[in-house]
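Q: let me see the structure of the following:
(2 chains)
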Amino acid sequence: MRNIPVNPFESLVAPILAAFPELDADDLSFGTPPKLDMGDVAIPMFLAAKKLKSPPPKLAAEAAQKVEFGSEVTEAKPMGPYLNLRLNRGAIGRKIVAGVLEAGERFGSSGSGKGTKVVLEHTSINPNASPHVGRARNAMIGDSLARLFRFEDYDVEVHYYVNDMGRQIGLLVLIADELQNLTFDQILDAYVAANERAKEDEAFAQAGYELLAKMEQGDPETQKRFTAVTDLCLKGQLEVLTRLGGTYDVFDHESKYVKDARLDALVEKLKEKDAVFIDDDKRLVVDLSKIGHELEEGRYFVLLRGNGSSMYGFRDLAYTLDKQALGADINMMVLGEDHKLYAQQLGLILAAAGHPVPEPIYYSYILLKDGKMSTRQGKVVLLSDFLDEAATLAQERVAEQCTDLSKEEQQVIAEQVAVAAIRFSILRVTPNKNVIFDMEENMKFVGDTGPYIQYSCARINSMMRKIAGEVSDVPAEKFNTTSDAEWALLTKIAEFPNVVSGGLKQRTCAPIANYTLELSRLFSSFYNECPVLKAKTESLMMARLQICKATLQTLTNALDILGIEAPERM
RNA sequence: GCGCCCGUAGCUCAGCUGGAUAGAGCGCUUGCCUCCGGAGCAAGAGGCCACAGGUUCGAAUCCUGUCGGGCGCGCCA
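A: Purely as a prediction, here's the structure:
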């Protein structure tokens, strides 16, 4: 299918350039005035004024006089530094609707990612407990980013790094042996207990290290025991993450990267720069100050323990090289803010050894109203708990609203509402800000929420169900949509491609989430002010139905990027 | 102590590649279901955009400092 660039104001460019030959298209942009009574579209004159060395207000006045706009412009007047135009809204609106409906599910994508491969690693939760919403922020950000890049035709491969190594897993394995038939629900308690005990029980802690050493040496029996525990965890975690709509292409196990010939070469490169040494405890340590790290804090990076076993970072380097061997053009990973220094350190090492440096996407922690989450104090919101409770509440609403649907159908919808609530509340916040998560607020489904967006979609679907036949994708020549509510909605729809490209550039879906809110609000106003099925004329009804269809298409495309499904009824 | 991120309405957040009168939601006050789905709409109250300087014709947006919060800083992953 063809990508339709919807730039409804394109036809206004040529007349301006004709009047001012010194300018080119890049000097012009189109925006919405703060109030619609100031004009339908505003053209800021700052850039053009700079080029022509004339004050913006003077240029705006001059342009209003000089430019010969065609029939699409009914009035041009300068307002300060802006040239505000009043337009033939029907003609421009028709272009917008036609563009959206022709592009369909591709509307918003410019397809610029075609032929570009992306490897994106995200989630990678330690196998120790059911994920809470804080951990899940990684999964939601990562999954939506994958969807965003795929929407733009990038070839995206999602990787999940399974931390099936390390001392803590060793301890967990020991505890698991004692308890027998460990279940996923018991793992967190077991994990906490194991770490507590290791603090007091020297022999137990030592046994953990020994087990880890055997694991590294490749002892098959030990590997089996580790795998049994980590698989149990991963399976349980994935069950919850899948409920959220997350998908993963490849699972990489940390234990695969204990020994890697490429690391020897990497260490050699560091030696050439005099950046590695063996310390008094026989550890292999990188001195990052030799390869660009300026501060004393975080200067040293340990690769191998005194007994020769590898540290997490050492394995991670091997893993990174392995991912790079896949030949992706873009290598991204979603990391918590606590990994910032660590990722920088890895980056320095990779760069010093002549390897490319992956691109990190950072996010900050989710806080609760009364402070930080604490697994040990039980001050957490488990993702599965939120989804269960939210789905129960949604189910009650759906049962009232959709009495003719089966219980199973109602449950499917309720689950979609619950997922929308959590994904939207997390995704709409800028990733590098802390979010304060309020369980109750997020359970109300009112106001600036995912369910509100879904509700807009359900209303449109409801109208579509009531009419006989299909709504044509080709608007009639006569497209008499002139009200402010219609115009505001249409221009917002036309913004979508820019929102997508902005998100791609900034590597975040937050602007897309906020866009769906703005669009839904404008739709609700339109819906309230403009009768659709009861419009005064047949042609007006059709035009409005087409606006509704274009709105639904845009919302659907945006929600798809966010990983939120829009049920036809709710 | 040092480094990175953040500070916008009572609360939760938009807006930040500098541009018109700083926007939503929740909560509070008022209207609106004999009208396409009230998970909604319309209106009101509520802001020294943390504070202090600077750059600019113009700063919530850029720079510096202060204060407040989050995160990190050599055998955890």
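
Q: now do the helices in the stretch 451-570 of chain A.
A: For the stretch 451-570 of chain A, the helices defined by DSSP state H, counting those that start in this stretch cover A:484-506, A:510-529, A:538-562.

Q: please name whichever of these is nearest to A:Ala228.
A: Closest approach to A:Ala228 among the helices of the stretch 451-570 of chain A (CB to CB): helix A:538-562, 36.3 Å. All C-beta spots, glycine's among them, are computed from the backbone N, C-alpha and C.

Q: touching, A:Pro360 and A:Gly336? I think so.
A: No: using CB atoms under 8 Å, A:Pro360 is not in contact with A:Gly336, being 10.2 Å away.

Q: neighbour count for the two, which is higher?
A: The neighbour comparison of A:Pro360 against A:Gly336 (other CB atoms under 10 Å) goes to A:Pro360, with 18 against 14.

Q: would you mind finding the most buried of the helices of the stretch 451-570 of chain A?
A: Of all the helices of the stretch 451-570 of chain A, helix A:538-562 has the most neighbours on average by mean count of other CB atoms under 10 Å, namely a mean of 22.

Q: elements contacting that helix?
A: Contact partners of helix A:538-562 among helices and strands, from 3 or more CB pairs under 8 Å, 6 or more residues apart in numbering; DSSP states H and E: helix A:89-103, helix A:133-151, helix A:407-427, helix A:450-466, helix A:484-506, helix A:510-529.

Q: show the average pLDDT along stretch A:463-470.
A: Across stretch A:463-470, pLDDT averages out at 93.

Q: endpoint to endpoint, that stretch covers what distance?
A: End-to-end distance for stretch A:463-470: 11 Å, by CA to CA, to the nearest Å.

Q: same deal with stretch A:463-481?
A: For stretch A:463-481, the first and last residues are 18 Å from each other (CA to CA).

Q: who touches it?
A: When contacts are defined by CB atoms under 8 Å, 6 or more residues apart in numbering, stretch A:463-481 is touched by residues A:89-91, A:93-94, A:97-98, A:101-102, A:104, A:487, A:490, A:532-533, A:539-540, A:542-549, A:552, A:568.

Q: tell me which residues touch A:Ile92, please.
A: So A:Ile92 contacts A:8-9, A:72, A:490 (CB under 8 Å, 6+ apart).

Q: for these, give me JSON lines that also has distance to A:Ala176.
A: Below are the contacts of A:Ile92 laid out as JSON lines (distance: CB to CB, whole Å):
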{"residue": "A:Pro8", "distance to A:Ala176": "62"}
{"residue": "A:Phe9", "distance to A:Ala176": "64"}
{"residue": "A:Glu72", "distance to A:Ala176": "72"}
{"residue": "A:Leu490", "distance to A:Ala176": "60"}
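
Q: next one: A:Asp24 from RNA strand B, what distance?
A: 18 Å (CB to the nearest atom of the strand, to the nearest Å).

Q: right, and that residue touches A:Leu17 too?
A: Yes: A:Asp24 is within contact range of A:Leu17, at 6.9 Å (criterion: CB under 8 Å).

Q: before we move on, the earlier item: I'd like to know which of the helices of the stretch 451-570 of chain A is closest to RNA strand B.
A: Nearest to RNA strand B, of all the helices of the stretch 451-570 of chain A, is helix A:510-529, at 3.3 Å by CB to the nearest atom of the strand.

Q: distance from that closest one to the middle of the chain?
A: 19 Å (CA atoms, centre = their mean, to the nearest Å).

Q: that helix to helix A:407-427, inter-axis angle?
A: If you take axes from the mean of the first three to the mean of the last three CA atoms, to 10 degrees, helix A:510-529 sits at 120 degrees to helix A:407-427.

Q: what mean pLDDT does helix A:510-529 have?
A: Mean pLDDT, computed over helix A:510-529, is 97.

Q: now do A:Ala485 against A:Glu538, distance only.
A: From A:Ala485 across to A:Glu538, the span is 20 Å (CB to CB, to the nearest Å).

Q: next, give me the two most distant ones among the contacts of A:Ile92.
A: By the measure CB to CB, A:Glu72 and A:Leu490 form the most distant pair in the contacts of A:Ile92, at 13.9 Å.

Q: how about the helices and strands packed on helix A:538-562 in a markdown table, adding distance to RNA strand B?
A: Converted to a markdown table, the helices and strands packed on helix A:538-562 look like this (distance: least, CB to the nearest atom of the strand, whole Å):
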| stretch | distance to RNA strand B |
| --- | --- |
| helix A:89-103 | 17 |
| helix A:133-151 | 10 |
| helix A:407-427 | 5 |
| helix A:450-466 | 3 |
| helix A:484-506 | 7 |
| helix A:510-529 | 3 |
